[in-house]
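**Student:** pasting the structure only:
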């Protein structure tokens, strides 16, 4: 999303931020709290960037928060969200008993919030995997202790696990199991191609109750942040795409919005950094960190996804909130061959999602640059035809797996990698930043662009592996550099 923030009172300085997602609002709120006057200019007719939900056929479809780190009161992450008032008037947090589930030969396997339940369930399924099960859940125990305890001796083993985990993928861990269902459960427990260490961090937060779903989902969170931003005096302009950043002698003088020049003292671009560099700055400047990661694109492969939205009038109470299953036969989606499907149900928040006795049932499929190129090269007619074909095949697979849902599903819409590129200027339709791949490392990229003195980047792309917490942190980082410079 595009947003621009201009500060005109308090300390007399004006700051312009491009991008009204979490990074943009986070930066804007921090500047407002430090005496800047802020306005936001947004490319789209809605705010929130990738953190949001849309309404179709009177139903709400969320395309961001599947669960959110920082929902445990007084945790470090919670304090970060509280600073921008993300959870104002959120009456409840849904904490699922399962991080992930997978159906194999009629039996649903889970990654439980309580890792001890994993041992009981998995050993009952495959006694021959007992040794591998005990060993893996020992890692989970260490992850739990790291976030739950302040005792250094209880926290220390996890540090060894995360170092080893940098050199393993989900597939590597899954290979240690003989049972096909356990292999599938482990290999699909995390989206994208992040290393095993990232999963351990996620699961550690989840086990400790610091990763839930706020009542109201993405829409409530971003509405709260926007409300607080405006309460502080910030301004928001929608349908206001930035087309150019004007620079003289290493100083940004103005941006151009709908043919008008808007001047400022400091500027933050909170949209996808490569859009800033290639389009708004006309490829005249380079960000060394992003350039280095793009040169290693085979390793730091940025993920997108395809989201298929259905309405369901049947009973979904027996389907876990996030559940995968193997397909009868592989299905081509984009340029990728899909061997399993992952569905998401929304019956945990009927107050928000249940309408006319129907509830969303959504399918998510991992996608990458090659899939984006596939959809991009289709004509409009072929593109729509391909979406219909995919939705029909997926619906048949769901009805085969859950016969009681036959004739209870209706296709509503589909979000493809092309949708993300068109709406959010995301390169190759990516929905998050760079992952932490197997053999990779955590990256904290600079918000500065070499050769420009008063322009800063704020985006989840600057901190691997991206996501909403890092979007928040990135906005704060950029604004702090401006605040420091003004002192």
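**Tutor:** That came through fine. Fair warning: this is a prediction, and the values are worked out from it, not measured in the lab. Numbers count the residues shown, from 1 in each chain.
**Student:** remind me, longest helix of the chain?
**Tutor:** In the chain, assigned by DSSP state H, the helix with the most residues is helix 380-401.
**Student:** buried ones in it?
**Tutor:** For helix 380-401, the neighbour count (16 or more other C-beta atoms under 10 Å) marks 383, 386-387, 390-391, 393-395, 397-399, 401 as buried. Any C-beta I mention is one placed from the backbone N, CA and C, and that applies to glycine too.
**Student:** also stretch 78-95?
**Tutor:** Residues of stretch 78-95 classed as buried by neighbour count (16+ other C-beta under 10 Å): 78, 80-81, 84-87, 93, 95.
**Student:** identify the residues contacting that stretch?
**Tutor:** Under the contact criterion C-beta atoms under 8 Å, 6 or more residues apart in numbering, stretch 78-95 has outside partners 25-26, 29, 70-72, 113, 209-216, 220-221, 224-225, 227-229, 348-349, 469, 472-473, 476.
**Student:** just to revisit the earlier point, between the buried residues of stretch 78-95, which sits nearest residue 453?
**Tutor:** residue 84 (27.1 Å; C-beta to C-beta).
**Student:** what pLDDT does that closest one get?
**Tutor:** You'll see residue 84 listed with a pLDDT of 98.
**Student:** any idea how far residue 463 is from it?
**Tutor:** Distance, residue 84 to residue 463, by C-beta to C-beta, to the nearest Å: 17 Å.
**Student:** do the same with residue 149
**Tutor:** To residue 463, residue 149 is 26 Å away according to C-beta to C-beta.
**Student:** now do residue 252
**Tutor:** To residue 463, residue 252 is 23 Å away according to C-beta to C-beta.
**Student:** and what of residue 107?
**Tutor:** From residue 107 to residue 463 the distance is 39 Å (C-beta to C-beta).
**Student:** so between these two, which is more surrounded?
**Tutor:** Between residue 107 and residue 463, residue 463 has the larger neighbour count (other C-beta atoms under 10 Å), namely 20 against 11.
**Student:** thought that one was touching residue 446?
**Tutor:** No - the pair residue 463 and residue 446 fails to qualify as a contact (C-beta atoms under 8 Å) at a distance of 11.0 Å.
**Student:** hey, where'd the helices end up in the stretch 51-200 of the chain?
**Tutor:** Applying DSSP state H, counting those that start in this stretch to the stretch 51-200 of the chain gives helices spanning 76-83, 115-125, 130-148, 152-165, 170-174, 180-187, 196-207.
**Student:** what angle do the longest one and helix 115-125 make?
**Tutor:** Relative orientation of helix 130-148 versus helix 115-125 (axes from the mean of the first three to the mean of the last three C-alpha atoms, to 10 degrees): 170 degrees.
**Student:** go on, the last one?
**Tutor:** Using the same axes, to 10 degrees, the inter-axis angle of helix 196-207 relative to helix 115-125 is 110 degrees.
**Student:** contact partners of helix 196-207?
**Tutor:** Applying C-beta under 8 Å, 6+ apart, the contact partners of helix 196-207 are 67, 69, 77, 99, 111, 113-115, 139-140, 143-144, 146-148, 158, 161-163, 165-166, 168-170, 172-173, 189-190, 211, 435-436, 438, 465.
**Student:** show me the contacts for the closest residue to residue 116 other than its chain neighbours.
**Tutor:** In this structure, residue 116 finds its nearest non-sequential neighbour in residue 137, 7.6 Å apart by C-beta to C-beta, 6 or more residues apart in numbering. Contacts for residue 137 were tallied using C-beta under 8 Å, 6+ apart; they are 115-116, 118-119.
**Student:** ranking the helices of the stretch 51-200 of the chain by burial, who's on top?
**Tutor:** The highest average neighbour count among these, using mean count of other C-beta atoms under 10 Å, belongs to helix 196-207 at a mean of 23.
**Student:** from the chain's centre, how far out does that one sit?
**Tutor:** Remark: helix 196-207 is offset 15 Å from the chain centroid, using C-alpha atoms, centre = their mean, to the nearest Å.
**Student:** could you pull out the helices for the stretch 301-450 of the chain?
**Tutor:** Along the stretch 301-450 of the chain, the segments classed as helices by DSSP H, counting those that start in this stretch run 350-353, 369-376, 380-401, 417-424.
**Student:** which one of those lies closest to residue 298?
**Tutor:** helix 369-376 (10.3 Å).
**Student:** pick the one among the buried residues of stretch 78-95 closest to residue 294.
**Tutor:** Distances from residue 294 to the buried residues of stretch 78-95, taken as C-beta to C-beta, are shortest for residue 80 (28.8 Å).
**Student:** and residue 120, how far from residue 112?
**Tutor:** 9 Å.
**Student:** try residue 337
**Tutor:** Separation of residue 337 from residue 112 (C-beta to C-beta): 30 Å.
**Student:** quick one, which of the two is more surrounded?
**Tutor:** Each of residue 337 and residue 112 has its neighbours counted (other C-beta under 10 Å); residue 112 has more, 23 against 10.
**Student:** beta-bridge partners for the more buried one, please?
**Tutor:** Beta-bridge partners recorded for residue 112 (DSSP bridges): residue 98.
**Student:** from what I see, it and residue 101 are in contact.
**Tutor:** No - contact between residue 112 and residue 101 fails when scored by C-beta under 8 Å: they sit 9.6 Å apart.
**Student:** count of neighbours near residue 414?
**Tutor:** By other C-beta under 10 Å, the residues close to residue 414 number 19.
**Student:** excluding its backbone neighbours, what's nearest it?
**Tutor:** By the measure of C-beta to C-beta, 6+ apart, the closest residue to residue 414 outside its immediate chain neighbours is residue 387, 4.7 Å from it.
**Student:** pLDDT weak spots in the stretch 1-150 of the chain?
**Tutor:** 1-10 (pLDDT under 70).
**Student:** the same query, at a cut-off of 50, please.
**Tutor:** 1-9 (pLDDT under 50).
**Student:** quick one: the strands in it?
**Tutor:** Counting by DSSP state E, counting those that start in this stretch, one finds strands in the stretch 1-150 of the chain at the ranges 14-18, 37-41, 53-56, 59-62, 68-69, 93-94, 98-104, 107-112.
**Student:** same deal with the stretch 251-400 of the chain?
**Tutor:** Using DSSP E, counting those that start in this stretch, strands in the stretch 251-400 of the chain cover 251-257, 260-263, 266-269, 304-312, 322-333, 336-345, 359-367.
**Student:** taking the mean pLDDT, what do you get for the fifth one?
**Tutor:** Read it as strand 322-333. For strand 322-333, mean pLDDT is 91.
**Student:** for the first one, same thing?
**Tutor:** The predicted model gives strand 251-257 an average pLDDT of 97.
**Student:** neighbouring strands - and their directions - for it?
**Tutor:** Strand 251-257 has the following strand partners under DSSP bridges: strand 242-248 (antiparallel), strand 260-263 (antiparallel).
**Student:** how distant is the shortest one from the center of its chain?
**Tutor:** In terms of C-alpha atoms, centre = their mean, the centre of strand 260-263 is set 32 Å apart from its chain centre.
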